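Engineer: kindly generate the corresponding structure for this input.
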Amino acid sequence: MFGNTSGITNLGMAEVSANQDRVYQFNQQVGGAVKQRDDSLLAKRSISILLSVLFFVATGERVIAADFSFGDATGKNEACIACHENQAKVGNLNYIDPKKFGHTTHAKFGCTTCHDTITSDHPAVKPKARTTSCSDCHGDIISQYSASIHAKNASCSGCHNPHRVNRANEISASEMNKQCASCHSSVKITASHSKWLPQAGLHLGAIACVSCHSKAENYVISIYIAKRDGAEAESTVNLAAYEDLLKYTKGDNIQYLIDKNRDNYISLEELRKFNRDPANRDIYLKSIMTPVKPTHSFQTFDNRWDCSFCHGSGPEIMQTSYLTLPENNGTFRQVAVEKGAAMDALRAIPNFYLMGSTRNGTLNMIGLLIIFGGMVMPLGHGFLRFLTRKNRQ
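Structural biologist: As a prediction, the model looks like this:
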């Protein structure tokens, strides 16, 4: 995918044009200076294309990292982070955790892509920090969010910190729910759901808010390592952090807490054994239903009032699971689990049946054989009577 100078043709003029602002900033930094952007779109595009081509030819290889056409974060943000990682120096409002920021897509753009008014005189001269907005890149999401009932009450930054924003599958369901609870009181949420939802606390502890309150359609079971802290595990979820789990692994990969044979395959039996292991008396595996791709159409959809939306969803959703493990940078990573009845293996919903959650392939075959066997006699009898009908006459 990535070669040396021959890779220039793969880049294409369309890609350069689409990423002109980012490439411009990157080449300015390579030149050793951070300058204000040219107000002329035509001039900016011409300079970006020319410098990009010259740079690729001169170095003989592309500086574009995998998955990001705008390169990685190396060399782009050091000058800014040198001050902004010091909380005592810049204060809470302007503090940036370099570990959490470095993982984000925004870090790969480079600070000055958004903070485009900052000059080499900063911080002595403090102009308006940025002239860009979220809609410059996320126009489709802004349009979607603007139509929701939340838009008039919260801006993007009300839920998303641009210096630590991650992909949906890198955020825990618990963290998603905490974002909601920052405005919506947990007590009021439970009380309002209790008016119509049986065992509201149990449900709220097992479902991400956005599973019902966004227009997402596909769901999976996310399995987390949680801490037993004396609270009711069903309704109060306290996920174990990366640092919490290191004491169990003694510095080893935390995946091996479950993946005992280290084959990078999480079986249902390994899940079952983990929760039954006496050594894990302070931690357990917690399953939460999460959307594959949440949307920003935040509202209450009519079909979410229907119990069958979850309880009649069947095995395709209830048997697709991921072990979701914390990382050192504050994100989470997913490891696929053997397809099957993971919630039954974890006894996630004791004394209650959820369609598809306990499906067993062997029992399915036995059931089909019983049905088939039961049909053989009447069908066979009818068929024989049909063949011998003339003899009876």
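Engineer: residue 251: neighbouring residues, count only.
Structural biologist: Residues within reach of residue 251, counting by other C-beta atoms under 10 Å, total 7. Glycine gets a C-beta too; all of them are placed from N, C-alpha and C.
Engineer: quick one: secondary structure of it?
Structural biologist: coil (DSSP: H, G, I helix; E, B strand; the rest coil).
Engineer: give me the neighbour count for residue 166.
Structural biologist: 18.
Engineer: low pLDDT regions in the chain?
Structural biologist: 1-75, 129, 230-236, 312-318, 341, 343-344, 347-361, 393 (pLDDT under 70).
Engineer: who touches residue 162 in this structure?
Structural biologist: Contacts for residue 162 (C-beta atoms under 8 Å, 6 or more residues apart in numbering) come out as 104, 106, 114, 134.
Engineer: want to throw these into CSV with distance to residue 310 and neighbour count?
Structural biologist: Output for the contacts of residue 162, formatted as CSV (distance: C-beta to C-beta, whole Å; neighbours: other C-beta atoms under 10 Å):
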residue, distance to residue 310, neighbour count
104, 32, 20
106, 35, 18
114, 39, 20
134, 32, 16
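Engineer: what ranges does the stretch 201-350 of the chain have for its strands?
Structural biologist: Using DSSP state E, counting those that start in this stretch, the strands of the stretch 201-350 of the chain run over 219-227, 283-291, 321-326, 332-336.
Engineer: quick one, which of those strands is nearest to residue 211?
Structural biologist: strand 283-291 (5.4 Å; C-beta to C-beta).
Engineer: buried stuff in stretch 324-334?
Structural biologist: Residues 324-326, 329-332 are the ones in stretch 324-334 that count as buried (16 or more other C-beta atoms under 10 Å).
Engineer: farthest-separated two in those residues?
Structural biologist: For these, the maximum inter-member distance is 14.8 Å, found between 324 and 329 (C-beta to C-beta).
Engineer: returning to what we had before: now the strands of the stretch 201-350 of the chain in TSV, with distance to residue 365?
Structural biologist: Converted to TSV, these look like this (distance: least, C-beta to C-beta, whole Å):
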stretch	distance to residue 365
strand 219-227	24
strand 283-291	26
strand 321-326	22
strand 332-336	25
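Engineer: burial count for the residue lying closest to residue 180 once chain neighbours are set aside?
Structural biologist: Leaving aside its chain neighbours, residue 180 sits nearest to residue 209 (4.6 Å; criterion: C-beta to C-beta, 6 or more residues apart in numbering). Residue 209 has 19 neighbours, counted by other C-beta under 10 Å.
Engineer: contacting residues around residue 209?
Structural biologist: 176-177, 180.
Engineer: related to what we said a few turns ago, among the contacts of residue 162, which are located in helices?
Structural biologist: When DSSP state H is applied, these are split such that 106, 114 fall in helices.
Engineer: dump the contacts of residue 162 to a markdown table, plus distance to residue 294.
Structural biologist: Listed next are the contacts of residue 162 as a markdown table, based on distance: C-beta to C-beta, whole Å:
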| residue | distance to residue 294 |
| --- | --- |
| 104 | 18 |
| 106 | 19 |
| 114 | 23 |
| 134 | 16 |
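Engineer: for residue 304, state which of the contacts of residue 162 is nearest.
Structural biologist: residue 134 (27.3 Å).
Engineer: quick one: residues contacting the nearest residue to the closest one once chain neighbours are set aside.
Structural biologist: Nearest non-adjacent residue to residue 134, counting by C-beta to C-beta, 6+ apart: residue 156, 4.6 Å away. Residue 156 is in contact with 134, 138, 142, 145, counting by C-beta under 8 Å, 6+ apart.
Engineer: name the residue closest to the centre of this protein, please.
Structural biologist: residue 169 (1.6 Å; C-alpha atoms, centre = their mean).
Engineer: ramachandran angles for residue 176?
Structural biologist: phi -60, psi -50 (degrees, to the nearest 10).
Engineer: please report how far the nearest residue to it once chain neighbours are set aside lies from residue 188.
Structural biologist: The shortest distance from residue 176 to any non-neighbouring residue, by C-beta to C-beta, 6+ apart, is to residue 208 (5.1 Å). The gap separating residue 208 from residue 188 is 18 Å, by C-beta to C-beta, to the nearest Å.
Engineer: give me the more crowded residue out of the two.
Structural biologist: Each of residue 208 and residue 188 has its neighbours counted (other C-beta under 10 Å); residue 208 has more, 26 against 10.
Engineer: quick one, what contacts that one?
Structural biologist: 173, 176-177, 288-291, 294.
Engineer: please tabulate those in JSON lines, including the columns neighbour count and distance to residue 123.
Structural biologist: JSON lines is the format used below for the contacts of residue 208 (neighbours: other C-beta atoms under 10 Å; distance: C-beta to C-beta, whole Å):
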{"residue": "173", "neighbour count": "26", "distance to residue 123": "39"}
{"residue": "176", "neighbour count": "20", "distance to residue 123": "35"}
{"residue": "177", "neighbour count": "21", "distance to residue 123": "37"}
{"residue": "288", "neighbour count": "24", "distance to residue 123": "43"}
{"residue": "289", "neighbour count": "22", "distance to residue 123": "46"}
{"residue": "290", "neighbour count": "23", "distance to residue 123": "41"}
{"residue": "291", "neighbour count": "22", "distance to residue 123": "41"}
{"residue": "294", "neighbour count": "19", "distance to residue 123": "37"}
